[in-house]
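Visitor: following is a predicted model, sequence given first.
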Amino acid sequence: MLFIRNISALLICQIFLHYSVASALGLQARPSFTTPTDRIHQTHHQNHQRRLCVLRGGNIIDSNEVEPCIEFPENIRKPNHGLLFIDKFCHYHGGYLAAKARDVYGVAIINLLSTYVSGYMTMSANQAGSHEALDHLKLKIPSPDQLTSWKDKLPFEVIAAICESDSGLEEVELLSEALNVRHHNGFSPARRNKFLMNEVLSEKGLRTVKQRMCGTLAEALDFATELGVSAEGELFKIGEHGAIATPDTFDSDVTGDVNTGKLGSASNAPVNVPGSGKYCVIKPTRGVASDDVCFCSNLNDVKNAFERLVQEFAAGTEYAIDIVSKNGHHKVAALWRYDKRQANGAPFVYFATELVDSQTPEGKMVSEYAFKTLDALDLRYGLTHSEFIIDADGARLVEVNCRQHNTNFAPLTMAAIGYNALDLLLASYLGDLPDLPQETEHLRLSWDQVPDLPTTRAYGAVVHLVCFQEGDLVEIKQNILDEINGLPSVYAMEVYDYFVPGSRIEKTVDIRSDSGWVHLINDDEDQFQEDYNRIVELMPEMFLVK
């Protein structure tokens with residue numbers, strides 16, 4: 001029954017929160033950063049020494065002595081193994097992983113900060129004139145001349161290195177290679193560069209978007225013209241529920257209770273364009289959360305948005321997929337379908353990120369293409385969060401991120417699927433270690449018992465609260481919050497704390513400008529959809545501004 005399932009979901013969330021708040025590294029909430037790309041054109045064949053020299057860390061307090069910052073398991077005096085974490089800030093991502101690895105698997109935890117993050121924290125401390133705030137410097141990545149001494153002080157084998165932030169992804173690959181941790185993927189700039197990423201896939205025979213790195217505006221305009229973008233352009237037409245509509249591209253013969261997605265039309269395809277031509281996308285080669293990604297419907301848009309990378313606009317349904325890999329064996333931890341809609345003058349605003357089954361025809365198509373993508377990028381270990389668009393001709397890559405899904409996804413997937421990507425990651429790295437603590441065996445996930453393609457046992461989604469107002473915030477309407485919170489499918493919600501009366505708020509145009517979120521879980525399809533539609537109806541009235 002629904003009541004029983006909701007109680008189970010609450011118990012699952014309580015178990016998850018127990019470990020997520022147990023992170024021993026008490027740093028501030030993780031800021032969002034994007035790493036510089038000063039080496040994106042390095043080849044895969046550069047020698048090890050040159051890669052090692054790219055590590056820019058080093059303890060500036062004492063350049064001769066660098067001590068590893070280690071968390072030891074409470075009841076194991078001399079653990080044989082450890083996990084290395086870079087930028088472990090978020091209690092429900094890195095904090096959860098570290099606490100459970102330490103308490104359930106009995107391994108030690110090594111903490112480091114990426115050069116970008118430690119530099120930002122140093123700058124902030126200096127501006128504040130606080131020397132106490134420089135305590136984070138002991139977590140800086142050791143420089144090349146410190147690395148051997150630093151490694152020799154580790155009294156155990158490092159199994160793998162995990163990075164929570166985008167800013168540390170390059171350094172975690174370099175450091176894993178330099179330390180020769182047991183499970184790592186080597187070094188590849190293509191895993192962080194959207195242009196190189198697609199080039200590698202194309203070379204491996206996978207379908208990709210047309211793209212070009214343009215050195216001048218003239219080159220960008222020429223390529224956009226080749227893609228069918230005209231001087232006048234064509235306007236989008238709004239489909240059902242305010243979304244950009246497209247005809248169904250799949251005739252599924254799957255019967256029974258399958259979850260292909262219930263929320264919105266879930267397509268970005270304009271109704272007046274049969275394929276993916278007429279439009280293009282301009283974006284930086286690096287970035288997260290759609291940073292500086294511009295949809296261009298005419299050549300004037302191209303002029304205003306010019307960056308070096310110009311790509312064909314891929315029309316279709318967009319999916320995100322969380323995959324854990326163990327020695328080249330890939331398992332889908334969760335498959336998500338986006339409901340993006342036109343709002344506030346922006347073409348693709350997130351309204352929902354919805355869990356769907358991966359064993360439907362669409363799910364299998366995305367999963368198979370995703371597995372081939374990871375193989376092409378030589379990603380044999382770890383957790384990835386990737387995005388793809390599918391149409392009648394198949395799937396194409398949006399991007400691969402060698403990190404976790406940047407939302408608190410685990411309570412949702414535990415309730416709707418039965419496990420989460422973080423526990424699966426720990427199982428992949430640590431599940432085969434000898435002498436694991438017997439008393440915590442029941443808290444460990446078994447890699448071999450998890451299917452390659454999961455199915456959902458309930459409907460779940462992250463609803464993105466879209467702000468439709470701009471100005472000085474007078475009031476958050478409590479009656480609307482109370483109504484949302486009282487809906488049967490809602491078990492958690494948050495309006496971000498910077499939405500306070502007197503603050504200046506802006507309209508939501510991308511995922512960074514959301515005003516908050518709502519988590520929905522229900523095993524009743526009709527109630528799930530009804531509650532989602534009601535939240536969307538209430539969004540425009542949530543805030544009073546002047």
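Guide: Structure received. Residues are numbered from 1 along each chain as shown.
Visitor: contacts only, for residue 541.
Guide: Residue 541 makes contact with 477, 480, according to C-beta atoms under 8 Å, 6 or more residues apart in numbering. For the C-beta atoms, the positions are set from N, CA and C on the backbone; glycine is no exception.
Visitor: show the pLDDT at it.
Guide: In this model, residue 541 is scored at 95, pLDDT.
Visitor: that one and residue 467, how far apart?
Guide: Counting by C-beta to C-beta, to the nearest Å, the gap between residue 541 and residue 467 amounts to 11 Å.
Visitor: could you do residue 264 as well?
Guide: Residue 264 sits 18 Å away from residue 467, taking C-beta to C-beta as the criterion.
Visitor: before we move on, what about residue 209?
Guide: 31 Å.
Visitor: ok, the two, which is more surrounded?
Guide: Set side by side, residue 209 and residue 467 show more neighbours around residue 467, with 25 against 19, by other C-beta atoms under 10 Å.
Visitor: and the pLDDT at residue 48?
Guide: The predicted structure scores residue 48 at 39 on the pLDDT scale.
Visitor: again, but for the one 10 residues further on
Guide: Predicted confidence (pLDDT) for residue 58: 47.
Visitor: what's the answer for residue 274, then?
Guide: 43.
Visitor: one more: the one 5 residues further on?
Guide: Predicted confidence (pLDDT) at residue 279: the value is 88.
Visitor: my guess is it contacts residue 294. True?
Guide: No. In this structure, residue 279 sits apart from residue 294 without contact. The criterion is C-beta atoms under 8 Å, and the distance is 10.8 Å.
Visitor: gap between the closest residue to residue 391 other than its chain neighbours and residue 376?
Guide: Leaving out its chain neighbours, the residue that sits closest to residue 391 by C-beta to C-beta, 6 or more residues apart in numbering is residue 316, at 3.6 Å. Taken as C-beta to C-beta, the spacing of residue 316 relative to residue 376 amounts to 20 Å.
Visitor: if I look at residue 286, how far off is residue 399?
Guide: Relative to residue 399, residue 286 is positioned 10 Å away (C-beta to C-beta).
Visitor: so those two - more neighbours on which side?
Guide: The neighbour count for residue 286 versus residue 399, taken as other C-beta under 10 Å, is higher for residue 286 (21 against 18).
Visitor: and the more buried one, that one's in a helix?
Guide: No. The assignment for residue 286 by DSSP: H, G, I helix; E, B strand; the rest coil gives coil, which leaves it out of any helix.
Visitor: just the pLDDT for it.
Guide: With respect to pLDDT, residue 286 scores 80.
Visitor: is it true that it touches residue 193?
Guide: Yes. Taking contacts as C-beta under 8 Å, residue 286 lies within contact range of residue 193: 6.5 Å.
Visitor: would you map the helices across the stretch 151-300 of the chain?
Guide: For the stretch 151-300 of the chain, applying DSSP state H, counting those that start in this stretch gives helices covering 169-179, 194-203, 217-226, 299-305.
Visitor: and those helices, which is most packed in?
Guide: Mean neighbour count (mean count of other C-beta atoms under 10 Å) peaks for helix 169-179 among the helices of the stretch 151-300 of the chain, with a mean of 23.
Visitor: for that helix, C-alpha coordinates in PDB please.
Guide: What follows is helix 169-179 as a C-alpha-only set of coordinates in PDB (Å, rounded to 0.1, in the frame of the first residue of the first chain):
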ATOM      1  CA  LEU A 169      38.700  15.900 -11.900                       C
ATOM      2  CA  GLU A 170      41.900  16.500 -13.700                       C
ATOM      3  CA  GLU A 171      44.100  16.400 -10.600                       C
ATOM      4  CA  VAL A 172      42.400  13.200  -9.300                       C
ATOM      5  CA  GLU A 173      43.400  11.400 -12.600                       C
ATOM      6  CA  LEU A 174      46.900  12.800 -12.400                       C
ATOM      7  CA  LEU A 175      47.300  11.900  -8.700                       C
ATOM      8  CA  SER A 176      45.800   8.400  -9.200                       C
ATOM      9  CA  GLU A 177      48.300   7.700 -11.900                       C
ATOM     10  CA  ALA A 178      51.200   9.200 -10.000                       C
ATOM     11  CA  LEU A 179      50.400   7.200  -6.800                       C
END
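Visitor: that helix - what's its average pLDDT?
Guide: The pLDDT scores in helix 169-179 average 96.
Visitor: please apply the same query to stretch 408-425.
Guide: Stretch 408-425 carries an average pLDDT of 96.
Visitor: mind checking how far it is from the chain centre?
Guide: Computed by C-alpha atoms, centre = their mean, to the nearest Å, the separation of stretch 408-425 from the middle of its chain amounts to 14 Å.
Visitor: state the distance from the closest residue to residue 496 other than its chain neighbours to residue 227.
Guide: Sequence neighbours aside, residue 516 is the residue nearest to residue 496 in space, at 5.2 Å (criterion: C-beta to C-beta, 6+ apart). To residue 227, residue 516 is 37 Å away according to C-beta to C-beta.
Visitor: neighbour count winner among those two?
Guide: Taking neighbours as other C-beta under 10 Å, residue 516 and residue 227 compare with residue 227 leading, 22 against 19.
Visitor: please list all residues in contact with the more buried one.
Guide: Contacts here follow C-beta under 8 Å, 6+ apart; on that basis residue 227 touches 210, 277-280, 310, 312-313.
Visitor: top of those residues by number of neighbours, please.
Guide: By neighbour count, taken as other C-beta under 10 Å, the most surrounded of these turns out to be residue 280 (31 neighbours).
Visitor: re earlier: common neighbours of residue 286 and residue 399, please.
Guide: When contacts are counted by C-beta under 8 Å, 6+ apart, the set common to residue 286 and residue 399 consists of residue 194.
Visitor: OK, contacts around the residue nearest the centre of the chain?
Guide: Nearest to the mean C-alpha position of the chain, by C-alpha atoms, centre = their mean, lies residue 405 at 3.0 Å. With contact set as C-beta under 8 Å, 6+ apart, residue 405 has these partners: 320, 322, 334, 336, 385, 421.
Visitor: surely residue 365 is within a strand?
Guide: No. When classified by three-state DSSP, residue 365 is found to be helix rather than part of a strand.
Visitor: which ones are touching it?
Guide: Neighbouring residues of residue 365 by C-beta under 8 Å, 6+ apart: 390, 394-395.
Visitor: need the buried ones from these selected in PyMOL.
Guide: One line in PyMOL is enough to select the buried ones among the contacts of residue 365; burial here means 16 or more other C-beta atoms under 10 Å:
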select buried, resi 390+395
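Visitor: could you export the contacts of residue 227 as TSV, including distance to residue 528?
Guide: Converted to TSV, those look like this (distance: C-beta to C-beta, whole Å):
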residue	distance to residue 528
210	38
277	36
278	35
279	32
280	36
310	39
312	35
313	31
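Visitor: next step: those residues restricted to strands.
Guide: Among these, the members found in strands (DSSP state E) are 280, 310, 312.
Visitor: break down the stretch 351-500 of the chain into its strands, ranges please.
Guide: Applying DSSP state E, counting those that start in this stretch to the stretch 351-500 of the chain gives strands spanning 382-391, 394-401, 459-465, 471-476, 490-495.
Visitor: all set now, cheers.
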